[in-house]
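Peer 1: What follows is a protein structure lacking sequence information:
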Ligand SMILES: NC(=O)c1ccc[n+]([C@@H]2O[C@H](COP(=O)([O-])OP(=O)(O)OC[C@H]3O[C@@H](n4cnc5c(N)ncnc54)[C@H](O)[C@@H]3O)[C@@H](O)[C@H]2O)c1
């Protein structure tokens with residue numbers, strides 16, 4: 001859903017995700033970006049030029065001045081460790097969208113939530129997978145009853161991810177679940193709500209120095225009749241033949257399988273595929289063409305949702321910090337379960 005009034009945006013951070021996803025998505029949606037700031041000025045300048053952003057700010061104070069002048073939403077896309085200090089400098093009552101994760105651990109997540117509430121910030125976290133066009137479609141089919149009662153969710157990634165693209169991830173005590181599988185935990189919560197508990201084991205690659213876990217097995221426990229599992233291995237550097245990247249949703253009367261192209265042959269990617277089977281619709285697998293994909297299209301959703309919330313405080317904003325905090329609680333439980 002798009003808002004009636006488009007609010008302008010001020011961006012803090014000019015890294016990879018802003019270049020590859022935020023700005024292309026906002027361009028598609030017609031959202032206007034008024035100002036950008038990064039402590040590496042050259043990166044901010046490069047993006048300002050490429051995306052016609054009128055103001056490159058030299059520091060956070062200047063960014064805030066611009067944002068207040070134009071009534072902007074603050075869009076923060078920094079490493080999670082920088083969130084608390086940046087948030088505490090924003091004016092009271094400001095609308096703000098934070099990149100995921102919401103802090104590096106549950107202590108930071110609690111502090112972020114408390115700060116947002118104390119300063120009355122209208123805040124959200126960019127768990128944008130909920131808005132990926134194939135997830136929107138899956139949600140619709142399930143709501144229409146086409147696969148019956150959902151009782152099985154399977155996320156499987158056996159891919160090769162070149163982690164050196166994200167320098168800031170090296171040396172962190174927590175990595176794969178906090179920065180990657182977190183999307184799947186949040187997505188499964190979107191379909192099934194909060195689980196009773198989670199069990200997890202996350203594992204370090206023996207041959208990559210200074211990088212913590214890159215493989216995780218997570219069980220989200222929804223009781224006796226629902227299975228929800230996440231299985232990731234980012235180290236499959238042995239050709240495309242056996243790379244896998246999919247979500248599968250199974251119900252009592254059908255199933256949905258989505259091939260997630262972005263992680264295959266990364267960073268080139270392969271096309272997504274969306275198929276479903278319904279006993280109500282011919283008892284056979286059908287392919288559906290989905291317009292748009294996770295990167296960048298899904299990035300429209302959290303920002304549009306925040307604009308809708310600004311317009312109408314009764315609007316259900318599915319990416320609120322309050323909701324995101326539950327995903328952070330599960331991430332913490334996963335690490336505790338894994339002995340970390
Ligand atoms: N799908 C997703 O939602 C997704 C994907 C990738 C990254 N991310 C998140 O986005 C954030 C940024 O990731 P990225 O891939 O763009 O990283 P990046 O390393 O490419 O960019 C980070 C940028 O932040 C700047 N920076 C760091 N601290 C700063 C500070 N205190 N003030 C101003 N600028 C500062 C750096 O100069 C850099 O340009 C991370 O939190 C990451 O988890 C989300």
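Peer 2: Nice, thanks for sending it over. Note that the coordinates shown come from a computational prediction; the quantities given were computed from them, not determined experimentally.
Peer 1: Can you tell me how far the closest residue to residue 72 other than its chain neighbours is from the ligand?
Peer 2: Excluding its sequence neighbours, the residue lying closest to residue 72 (C-beta to C-beta, 6 or more residues apart in numbering) is residue 10, at 4.0 Å. Placement of C-beta: from N, CA and C, glycine included. Between residue 10 and the ligand the distance is 13 Å, computed by C-beta to the nearest ligand atom, to the nearest Å.
Peer 1: what's around residue 10, how many residues?
Peer 2: Per other C-beta atoms under 10 Å, the neighbour tally for residue 10 reads 28.
Peer 1: Three-state assignment for it, please.
Peer 2: State at residue 10, reduced to three classes by DSSP: H, G, I helix; E, B strand; the rest coil: strand.
Peer 1: hang on, it packs against residue 67?
Peer 2: Yes - contact criterion C-beta atoms under 8 Å: residue 10 and residue 67 qualify, at 3.8 Å.
Peer 1: what's the overlap in contacts for those two?
Peer 2: Common neighbours of residue 10 and residue 67, counting by C-beta atoms under 8 Å, 6 or more residues apart in numbering, are 34, 35, 74.
Peer 1: circling back: which residues pair with the residue nearest to residue 72 across the strands?
Peer 2: residue 35, residue 74 (DSSP bridges).
Peer 1: same question, residue 286
Peer 2: residue 276.
Peer 1: how much space between it and residue 192?
Peer 2: 24 Å (C-beta to C-beta, to the nearest Å).
Peer 1: Let's test this: mean pLDDT of stretch 184-201, rounded?
Peer 2: Averaged across stretch 184-201, pLDDT comes to 98.
Peer 1: returning to what we had before: contacts only, for the residue nearest to residue 72.
Peer 2: 33-37, 63, 66-67, 70, 72-75 are the contacts of residue 10 under C-beta under 8 Å, 6+ apart.
Peer 1: try residue 289
Peer 2: By C-beta under 8 Å, 6+ apart, the contact set of residue 289 is residue 274.
Peer 1: between residue 286 and residue 192, who's got more neighbours?
Peer 2: residue 192 (16 against 11).
Peer 1: Quick check: phi and psi on the more buried one?
Peer 2: Backbone geometry at residue 192, expressed as degrees, to the nearest 10, gives phi -120, psi 0.
Peer 1: Next one: the closest residue to residue 198 other than its chain neighbours relative to residue 108, how far apart?
Peer 2: Distance criterion C-beta to C-beta, 6+ apart; nearest residue to residue 198, sequence neighbours excluded, is residue 333 at 4.9 Å. Distance of residue 333 to residue 108, given as C-beta to C-beta: 16 Å.
Peer 1: and the residue of this protein nearest the ligand?
Peer 2: Distance from the ligand to each residue of the chain (C-beta to the nearest ligand atom) is smallest for residue 15, at 1.8 Å.
Peer 1: Is that residue in contact with residue 99, as I believe?
Peer 2: No - Residue 15 is not in contact with residue 99 according to C-beta under 8 Å; the separation is 9.4 Å.
Peer 1: who has more neighbours, the two?
Peer 2: Neighbour comparison, residue 15 and residue 99: the larger count goes to residue 99, with 24 against 19 (by other C-beta under 10 Å).
Peer 1: Pull the contacting residues for the more buried one.
Peer 2: Contact analysis of residue 99 by C-beta under 8 Å, 6+ apart lists 13, 17, 76, 77, 78, 80, 125, 126.
Peer 1: Outline the domain layout of the protein.
Peer 2: 9-126+299-316, 130-288 (automatic domain parsing).
Peer 1: quick one: the strands in this structure?
Peer 2: Ranges of strands within the chain are 9-12, 33-37, 55-57, 73-76, 95-98, 122-125, 150-158, 197-203, 215-221, 227-233, 244-251, 254-259, 273-278, 285-288, based on DSSP state E.
Peer 1: I'd like to know which of these lies nearest to residue 23.
Peer 2: strand 33-37 (6.9 Å; C-beta to C-beta).
Peer 1: what sits up against the closest one?
Peer 2: 8-14, 18, 23, 26, 44, 47-48, 51, 53-60, 62-63, 66-67, 70, 72.
Peer 1: My guess is residue 53 contacts residue 38. True?
Peer 2: No - taking C-beta under 8 Å as the definition, residue 53 is not a contact partner of residue 38, at 11.5 Å.
Peer 1: Within range of the ligand, give me the residues from this protein.
Peer 2: 13-18, 38-40, 43, 77-80, 82, 99-100, 126, 128, 166, 168, 179 (C-beta under 6 Å from any ligand atom).
Peer 1: Skipping adjacent residues, who's closest to the residue sitting nearest the centre point of the chain in space?
Peer 2: Centrality entry for the chain: nearest residue to the mean C-alpha point is residue 127, 3.3 Å, by C-alpha atoms, centre = their mean. Distance criterion C-beta to C-beta, 6+ apart; nearest residue to residue 127, sequence neighbours excluded, is residue 186 at 4.3 Å.
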